[in-house]
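Peer 1: I'd like to go over a predicted model; first the sequence, then the structure.
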Amino acid sequence: MVTFGDLMSLLLTFFVLLLSFAQMEIVKFEKVAGAIQNAFGVQQTTVVNSNPTSQTFIAPNFHNEIVLVKLVERLDRLLEGMIQDGNAGIGKTDEGVLVRLSADALFHRGSAQLLPAADAVLFQLGETLNDDEDTKRNKIYITGHTDDSRPAGGAYVDNWALSGAQAASVAAYLTLQAQMDPLRFETRAMGQEKPIDDNATAVGRLANRRLDILISKEPMPTRMNDNLEPLVEQPRDAYNPNTPG
């Protein structure tokens, strides 16, 4: 006769067997699934956080757009006078924020020596870019442009040399006077090769003589040694743009 205890022992044994079979099937399934993934080159995915916070849920590009719009608004206020006079323009591009300054507002024709009037403009621009926490480590590209006439004064052999010298002069001022990190800057010379207006008119030539300052979405390069001493602050008179070099 089968007792109640024997019946319970049989049931327990039965369920243990079922559980072991189920575990074996899971192992087999994982092995088969792994083989299929390897055959088709499927990468294994690990879920790090299935409940994203607001920080991770917002796409980086969306965050960048907000940052760029805020920077454009700040620069608009800063350069309002120059914009009204037709000597500056600000816009958002695919690469970042573009500040366009008339070369005639910064330099004498054919010269790369900054005018006294350029001092306040560039210093305030540098302070604004330094104080903006969201973009203070972004790359900045400064590109010089000219019209198609030969450089006046004879100091530069061609427009390539003139546009490069003007771009370098602006970068040097922002680095030495406004205390901006030199690693942020890259200067370019375009000469007369990228006009934005017709060189056949005086108004067009004026528009083509310009400095384009692009605050890029691209971060500046990291230093080889993160423990380098901070940049030594230069006194404001360390670089005088009005002193011929």
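Peer 2: Yep, that arrived.
Peer 1: so who does Thr93 touch?
Peer 2: Leu214 (CB atoms under 8 Å, 6 or more residues apart in numbering). Just so you know, the C-beta spots here come from the backbone N, C-alpha and C atoms, and that holds for glycine as well.
Peer 1: check which residues of the longest strand seen in the chain are buried.
Peer 2: Assignment by DSSP state E gives strand 210-219 as the longest strand of the chain. Within strand 210-219, the residues that qualify as buried are 210-217, counting by 16 or more other CB atoms under 10 Å.
Peer 1: go on, stretch 162-180?
Peer 2: Those would be 162-180, for stretch 162-180 by 16+ other CB under 10 Å.
Peer 1: check stretch 148-161 too.
Peer 2: By 16+ other CB under 10 Å, the buried positions in stretch 148-161 come out as 151, 156, 159-161.
Peer 1: could you do stretch 102-117 as well?
Peer 2: For stretch 102-117, the neighbour count (16+ other CB under 10 Å) marks 102-103, 105-107, 110-114 as buried.
Peer 1: kindly report the same for stretch 66-82.
Peer 2: Neighbour counts over stretch 66-82 (16+ other CB under 10 Å) mark 67-68, 71-72, 75, 78-79, 82 as buried.
Peer 1: over to stretch 195-215?
Peer 2: 195, 205-215.
Peer 1: which two from those end up farthest apart in space?
Peer 2: Spatially, the most separated pair among the buried residues of stretch 195-215 is Arg205 and Ile215, at 26.8 Å (CB to CB).
Peer 1: before we move on, back to that, out of the buried residues of stretch 195-215, which is nearest to Thr146?
Peer 2: Checking the buried residues of stretch 195-215 against Thr146 by CB to CB gives Arg209 as the nearest, at 5.7 Å.
Peer 1: among the buried residues of stretch 102-117, which are located in strands?
Peer 2: Among the buried residues of stretch 102-117, the ones falling in strands (DSSP E) are Ser102.
Peer 1: just to revisit the earlier point, packing partners for the longest strand of the chain?
Peer 2: Applying 3 or more CB pairs under 8 Å, 6 or more residues apart in numbering; DSSP states H and E, we find strand 210-219 packed against helix 60-78, strand 96-102, helix 103-106, strand 138-145, helix 159-176.
Peer 1: list the contacts of that strand.
Peer 2: Here strand 210-219 has contacts from 64, 68, 71, 93, 95-103, 106, 125, 129, 135, 137-145, 166-167, 170, 196, using CB under 8 Å, 6+ apart.
Peer 1: again, but for stretch 156-173
Peer 2: 103, 106-107, 110, 112-114, 118, 122-123, 126, 142-148, 150-151, 182, 185, 187-192, 211, 213, 239, 241.
Peer 1: ok, Asp94 - contacts?
Peer 2: Residues near Asp94 by CB under 8 Å, 6+ apart: none.
Peer 1: now do the SS call for it.
Peer 2: Three-state assignment for Asp94 (DSSP: H, G, I helix; E, B strand; the rest coil): coil.
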